[in-house]
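Undergrad: I'll drop the sequence and a predicted model, then ask my questions.
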Amino acid sequence: MDARLRRVNKEIADCKNDKTSNIRIELIDESPFHLKGSFPGPDGTPYEGGHFEVDIVIPESYPFQPVKMKFITKVYHPNISSASGAICLDILKDAWSPVLTLKSTLISLQSLLCSPEPNDPQDAEVAKHYSTSKSSFEDTAIYWTQIYAGGPGPKEKKGKGSSRSDVRDEVAIAGLEKAHVDQFEALGFQRSKVIDVLRRLNYRGANVAQITDDRVVEELLK
Amino acid sequence: MSSDYEFSDDDGDYYDDEEMLDGTQEDDMDMDAFGEDFKVVPKGKHKAYEVEYDSLSQAAVEKLMKQDVDHICGIFGVDVSTANLLLRYIKWNKERLIEKYMDNPTTMLVAAGVIVPEASSQPAPAPIRTHSSTSSGFHIPKSLKPKVEEPFVCPICFDDDTSIQTLALDCEHTFCFGCWTAYVNSKIRDEGEHSIRCMAEGCALVAPDPFIRSILIPEPGAPKTWDRFQELLVRQFVACNNDLKFCPYPSCTNTVSCPSASSKASLATVVPTVSCGALREHMFCFGCPIESDHRPVVCGVARMWLKKCRDDSETANWIKSNTKECTNCQSTIEKNGGCNHMTCKKCKHEFCWVCMGPWSEHGTAWYSCNRFDEKTGVDARDAQSKSRASLERYLHYYNRWANHEQSAKLSLDLYAKTEKKMEDMQITSALTWIEVQFMKKAVEEVDKCRMTLKWTYAMAYYLAKGNQKDLFEDNQRDLEKAVEDLSELLESPIEAENIPTLRQQVTNKTVYVQKRNEIVLEDTANGFVEGRWKWNITVEGFDDPESD
């Protein structure tokens, strides 16, 4: 049997047998070389309670070349692109070793969520947010975890005091600029709807220049 | 007195013999020079516009590498593969390696991936002593011998066949032979990586050459991968050494050594056109990647000129043919329709597009301009031409530069045409193939001179006004005239009766053109060495024109 196929099959089987790590690997289609991995957000982080899915493509020369992984679930993290889910992690590039497995790589991703590295960012906007105001960054990360990864949301976590000035917070935790929200609200749309649409369009940083106002209004009118 | 000298020396006869031998050799050389109509300067004389360089084959570079390796082996008392790993790690900077190694050998060995760090579970035996004790100089890792461990499962392919052969570096991270082979092949072939680390995660040990060799040799495609590995090593060595450059032609493996052009500062005085020697056309500039031969102009100026051409020439041409400047405020105006009554958008000056004079003087002759000689109109056109001067100046040089470039591109056609002519000549006259070679020689010379001429325009554009520039342009003009004359001769129709005269004319002209080309190249090169050339703008590596 092909060494690559044997290895991948064994890795998938190992993962199934291992109940303690909470890491799951599933087939997406017939091919064993295109998989979906998932793991829970690590405890004690803004990602706690979320369920994160990762797209896995196994290249021809695996395991001598690294696997290709990117997040399917949107994640608010300095080393993960908020738009594409691309991951900046050394073991997925030059620090890859053939000894690493899909499971160990997914565990590394899990620990990447615990320890962001804002000095080597994938998403410069998020990294800036992280370094300028960590608490505000965490609010957004919790919010994203709640919306995209099925997390418990801020109320459950903080317990008290989060209902205060909810509207202002909502803009910040969605990772949006107040000015942008105000701009579209001034056109007569509901504030919550504006936030929802802008968040969905990923109306942040460099994206702002690429998304025309018409496009936003079009979405708002839907 | 002379007889004294001759007879006092017992070796007189021997000496005479030697001189005779020398004499005949010289004769031979003269004969050669005579036979070749076109030799102007005897071979071996170093011309001012040529740099000294050596062309090295891969084997010759490997020899250089070996010298460095042997040197390090001698100083540190380590084996060849350790010295190799150390040198590759430090990018072949021997001085730095010696300094750092003397400072702390263990740190260096760990960093270069020769030994495992002390802290690891395996007690590292003092490797230096072990290595130096191997008299052969080649240290075969002890683990190279296939091991048989009982319940071995390769951690990569999960193969647990009891018969599989396993391998490990000194770190004892064991994998099966098949995985090692696939890994080494993938690193060398796909990634072009010459430093191949242990496959275990976080292990920094680098596989020494004998280990890689032992893996690759039983492989079917092994010689290729092993050769590729050697090539990668040579490439790294060349890349680390400023005196060396790899031949940029595809799949050529030769290297050129040109120490006189290795520093950036030296590129202000020499134009290092070199050839790797593999083929005639494997010519390249040692100092820059822009063009293979941009003599006589130095890299910095050639680069500036090309950049300017890319940025400006099309725009400048368009401006020249489609716009005029407002005679009042000098804004550039495009007339994209309508009548000749122009009103400048900026200063509201009203003028006539045809004569450039103020519209007010057109009186009742609306929409028709037949007043060419009016004073104001002439003045306006004068002003116009002045503002165009710098643009015109640039285009003057650009057009001539581009013209020669175009001619050079057409030279392939010319070669083919000439070849045809040479065949015709043999049919219509009694000349042999050898005797009609003068045509080919002439075409080659024209081609070469056009290259020189092309770059002289780039140079002249940047030269500051003065006697030096005048002299330069005189030389340029003489060469240009000679080249055009020769080109014309080459194009002239061939008739049987005038072939002998044509041959003589072409041969004469070729020699003349060659001489003129040498003069331009030689004088320009000398000028760089003497610091004679002054520029009209700041050029990298030269004094600021303002400071003079």
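TA: Sure, I can see it.

Undergrad: which helices and strands sit right next to the longest helix seen in chain B?
TA: When chain B is parsed with DSSP state H, its longest helix is helix B:375-409. Helix B:375-409 sits against helix B:299-322, strand B:323-325, helix B:437-462, with contacts defined as 3 or more CB pairs under 8 Å, 6 or more residues apart in numbering or on different chains; DSSP states H and E. Where C-beta positions appear, they are placed from N, C-alpha and C, glycine not excepted.

Undergrad: Mind listing what's buried along the helix or strand just after it?
TA: Downstream of helix B:375-409, the first helix or strand assigned by DSSP states H and E is helix B:411-428. Across helix B:411-428, burial judged by 16 or more other CB atoms under 10 Å in any protein chain shown covers B:S411, B:L414, B:T418, B:K421, B:M422, B:M425.

Undergrad: now do stretch A:199-219
TA: Under the neighbour-count criterion of 16+ other CB under 10 Å, stretch A:199-219 has A:R199, A:N202, A:Y203, A:R204, A:G205, A:V216, A:E219 buried.

Undergrad: Stretch A:95-106 now?
TA: Buried residues in stretch A:95-106 (16+ other CB under 10 Å): A:W96, A:S97, A:P98, A:V99, A:L100, A:T101, A:L102, A:K103, A:S104, A:T105, A:L106.

Undergrad: How confident was the prediction at the last one?
TA: A:L106 is assigned a pLDDT of 94 by the prediction.

Undergrad: tell me which element it is part of?
TA: helix A:102-114.

Undergrad: quick one on the thing from earlier: pick the most buried one from the helices and strands packed on helix B:375-409.
TA: Mean neighbour count (mean count of other CB atoms under 10 Å in any protein chain shown) peaks for helix B:437-462 among the helices and strands packed on helix B:375-409, with a mean of 21.

Undergrad: Which residues of the stretch 201-350 of chain B lie near chain A?
TA: B:E201, B:G202, B:C203 (CB under 8 Å from any CB of the partner chain).

Undergrad: For the second one, grab the count of nearby residues.
TA: Okay, so that is B:G202. Residues near B:G202, counting by other CB atoms under 10 Å in any protein chain shown, number 10.

Undergrad: Which single one of the buried residues of helix B:411-428 is nearest to chain A?
TA: Nearest to chain A among the buried residues of helix B:411-428 is B:S411, at 45.6 Å by CB to the nearest CB.

Undergrad: The closest one and B:E445 touch, don't they?
TA: No. When contacts are counted by CB atoms under 8 Å, B:S411 is not listed as touching B:E445 (11.2 Å).

Undergrad: check contacts around the one residue in the stretch 1-150 of chain B that gets nearest to chain A.
TA: Closest residue of the stretch 1-150 of chain B to chain A, CB to the nearest CB: B:G113 (13.9 Å). Neighbour list for B:G113: B:L85, B:Y89, B:S195, B:R197, B:A204, B:L205, B:V206 [criterion: CB atoms under 8 Å, 6 or more residues apart in numbering or on different chains].

Undergrad: now the helix or strand encompassing A:G37: how far from the chain's centre is it?
TA: Following DSSP H and E, one finds A:G37 within strand A:34-40. Relative to its chain's centre, strand A:34-40 lies at 13 Å (CA atoms, centre = their mean, to the nearest Å).

Undergrad: other SSEs contacting the helix or strand following that strand?
TA: Per DSSP H and E, the first helix or strand lying C-terminal to strand A:34-40 is strand A:51-57. Judged by 3+ CB pairs under 8 Å, 6+ apart, the packing partners of strand A:51-57 are strand A:34-40, strand A:68-71, helix A:102-114.

Undergrad: Which residue ranges make up the domains of chain B?
TA: Per automatic domain parsing, the structural domains of chain B span B:59-240, B:244-285, B:309-391, B:410-548.

Undergrad: Least confident of these, on average?
TA: Among the domains of chain B, domain B:309-391 scores lowest, at a mean of 74.

Undergrad: Would you map the helices across chain A?
TA: With DSSP H as the criterion, chain A has helices spanning A:3-17, A:102-114, A:124-132, A:134-149, A:154-158, A:166-173, A:178-185, A:191-201, A:207-210, A:213-221.

Undergrad: what comes up buried for the longest one?
TA: Neighbour counts using 16+ other CB under 10 Å place A:137-149 of helix A:134-149 among the buried residues.

Undergrad: re earlier: by mean pLDDT, show me the worst of the helices of chain A.
TA: Among these, helix A:154-158 scores lowest, with a mean of 49.

Undergrad: Spell out which parts of chain A neighbour chain B.
TA: Checking chain A against chain B by CB under 8 Å from any CB, the hits are A:3, A:6-7, A:10, A:61, A:63-65, A:91, A:97-100.

Undergrad: For residue 186, give me its contacts.
TA: Assuming you mean chain A. So A:A186 contacts nothing (CB under 8 Å, 6+ apart).

Undergrad: right idea, wrong chain: chain B
TA: For B:S186, the contacting residues are A:S61, A:F64, A:Q65, by CB under 8 Å, 6+ apart.

Undergrad: Contacts only, for the nearest residue to the last one once chain neighbours are set aside.
TA: Read it as A:Q65. Leaving aside its sequence neighbours, A:Q65 sits nearest to A:P59 (CB to CB, 6 or more residues apart in numbering or on different chains; 5.1 Å). By CB under 8 Å, 6+ apart, the contact set of A:P59 is A:Q65, A:P66, A:V67, A:K68.

Undergrad: Tell me how many other residues surround the second one.
TA: If you count neighbours by other CB under 10 Å, A:P66 ends up with 22.

Undergrad: Excluding chain neighbours, give the residue nearest to it in space.
TA: A:P66's closest residue in space is A:W96 (CB to CB, 6+ apart), at 3.6 Å.

Undergrad: Map the structural domains onto the sequence of chain A.
TA: Following automatic domain parsing, one gets these domains for chain A: A:3-114, A:124-221.

Undergrad: ok, and which of the ones you listed has the densest surroundings?
TA: When these are compared using mean count of other CB under 10 Å, domain A:3-114 is most buried, at a mean of 18.

Undergrad: distance between the ends of that domain?
TA: 34 Å (CA to CA, to the nearest Å).

Undergrad: need the residues of the stretch 201-350 of chain B next to chain A in CSV with secondary structure, can you?
TA: Below are these laid out as CSV (DSSP: H, G, I helix; E, B strand; the rest coil):
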residue, secondary structure
B:E201, coil
B:G202, coil
B:C203, coil
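
Undergrad: which one of the residues you listed is nearest chain A?
TA: The closest of those, once distances to chain A are taken by CB to the nearest CB, is B:E201, at 4.0 Å.
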